[in-house]
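Novice: sharing a sequence plus its predicted fold:
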Amino acid sequence: MPASLSIRFTGIVSDSARPIVVFDLDGTLADTAPDLIAALNATLQAEGLPPLVSERARRLLGSGTRSMVERGFREAGVFGSPADLLETRFQRFLGFYGRNLKRDTRLFPGVPEALDRFRAEGWLLAVCTNKAEDQARKLLDLLGIGDRFAAICGYDTFAYRKPDPRHLTLTIERAGADPRRALMVGDSRTDIATARAAGMPVIAVPFGYSDIPVAALSPDRLINDFGELWAAASELSAGMRRPKR
Ligand SMILES: O=C(O)COP(=O)(O)O
Ligand SMILES: [Mg+2]
């Protein structure tokens, strides 16, 4: 049994002394693209516009769903929409998406096993996503992993959202952990910028929705699949500050 486990069960170590790994959701924990694209197409069709073919729509995903919806309308030939109309479209998109969060969405291979490994080693887990919080919670429950996380925070949880580092630091605070003993795992420029701005190490996955190869964004580590996550995280955590106690 690892030392951290026996210590944890005696109750000597408080949560703030436990390291935490914070995951992005879309493109990192789950391949959500098919259901996001279906909701985008329903939003276009609600205004009488034709749907985008999935390859074209998928390329719009690299900067999050709000931007995907805006760019989706531009791809469909609609330019110069005022901000309130963009917001109406985004809310309509969320309505369509909320009705089919998990029709074709799947966890990436190895996710549950990787989460279990971290928990067995005494780490806390959290999710910091630019999805709406209620949809993120519901989706993680439908995927069978919602109960693993000490905090799940979306774009509407705080007054800040990624790439503002406070979205990440407040998520960690809500999980009862210490940002100095945290690392982020994500798939996009936004995640890497957020972690950097918060002064945290970041591990990137290459199978998500980045519009450029994530290696070009210089994450601290790049893993090919979740089987490589524990080794990368434990290496990075060796450099984290130890708690004072
Ligand atoms: O929904 C978005 O905008 C992006 O979601 P993510 O932060 O989980 O990648
Ligand atoms: Mg993402």
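Specialist: Now that the structure is in, tell me what you want to look at. Ligands and ions are numbered 1, 2, ... in the order given.

Novice: next one: the one residue sitting closest to the centre of the chain from Gly110, what distance?
Specialist: Centroid-nearest residue in the chain, with C-alpha atoms, centre = their mean: Asp24, separated by 1.5 Å. Relative to Gly110, Asp24 is positioned 16 Å away (C-beta to C-beta, to the nearest Å). C-betas here are computed from N, CA, C, even on glycine.

Novice: which residues touch the residue in the chain that ligand 1 sits nearest to?
Specialist: Among all residues of the chain, Gly64 sits closest to ligand 1, at 2.8 Å; criterion: C-beta to the nearest ligand atom. Shown in contact with Gly64 (C-beta atoms under 8 Å, 6 or more residues apart in numbering): 26, 130, 188, 190.

Novice: equivalent analysis for Val185, please.
Specialist: 21-24, 28, 191, 202-205, 229, 233.

Novice: out of those residues, list just those in strands.
Specialist: Among the contacts of Val185, the members found in strands (DSSP state E) are 21-23, 202-204.

Novice: can I get these in a markdown table including distance to Leu52?
Specialist: A markdown table is the format used below for these (distance: C-beta to C-beta, whole Å):
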| residue | distance to Leu52 |
| --- | --- |
| Val21 | 34 |
| Val22 | 32 |
| Phe23 | 28 |
| Val202 | 31 |
| Ile203 | 31 |
| Ala204 | 27 |
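
Novice: out of those residues, which is most surrounded?
Specialist: When neighbours are counted by other C-beta atoms under 10 Å, Val22 leads the ones in strands among the contacts of Val185 with 33 neighbours.
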